[in-house]
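*Asks:* The following comprises the amino acid sequence and a computationally predicted model.
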Amino acid sequence: MKRLGIVLALLVILIAGGALTARNASAPNTNPLPGLIRSTNNPEASVMEMTGWQAEQFFLAVGFILFNLVGITVTITVVMWLLDRQVRRAKATESPIMTTGGDA
C-alpha cells in the first residue's frame with residue numbers, strides 16, 4: 001500500500017509538470033506559474049508587481065541562495081561522514097594498553 005502511495009504521488013507530480021509544460025508551450029509569453037510572480041512593464045504600477053528584469057534578478061538570487069545551501073549541506077555531510085569513518089577506524093584498531101586501563 002505504501003508503494004502505491006509513492007507511485008500515485010509521483011504520477012500526480014508528473015501530470016502537473018506535463019500540464020505546466022503544455023500551458024507554457026501554448027502561451028510562451030505568459031507567466032508559467034500564474035499568481036506567484038506578477039510582472040509589468042511599468043515600474044510605478046504597483047509595489048506588488050515587478051518589471052521583467054526585477055523578476056529575473058529575484059529568480060536568480062533565490063536560485064543562487066538555494067544552490068549554495070544545498071552545497072553547504074552536502075559539504076558538511078561529507079565532512080561528518082569522513083570524520084565518523086575515522087573515529088570508527090580508530091576504535092576498531094585501539095591498542096590493548098588503552099582498553100585495559102593498565103598502569104602506565
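*Replies:* Structure's in. What do you need?
*Asks:* quick one: contacts for Phe67?
*Replies:* Counting by C-beta atoms under 8 Å, 6 or more residues apart in numbering, Phe67 touches no other residue. For the C-beta atoms, the positions are set from N, CA and C on the backbone; glycine is no exception.
*Asks:* how far away is it from Ala61?
*Replies:* Distance from Phe67 to Ala61, counting by C-beta to C-beta, to the nearest Å: 11 Å.
*Asks:* And Val74, by the same measure?
*Replies:* Distance from Val74 to Ala61, by C-beta to C-beta: 21 Å.
*Asks:* Compute the distance between Arg88 and Leu60, please.
*Replies:* Arg88 is 42 Å from Leu60, where distance means C-beta to C-beta.
*Asks:* Out of the helices and strands in the chain, which is least certain?
*Replies:* In the chain, no helix or strand scores lower on mean pLDDT, DSSP states H and E than helix 96-100, which sits at a mean of 59.
*Asks:* what helix or strand is Phe67 on?
*Replies:* Of the helices and strands defined by DSSP states H and E, Phe67 is found in helix 52-92.
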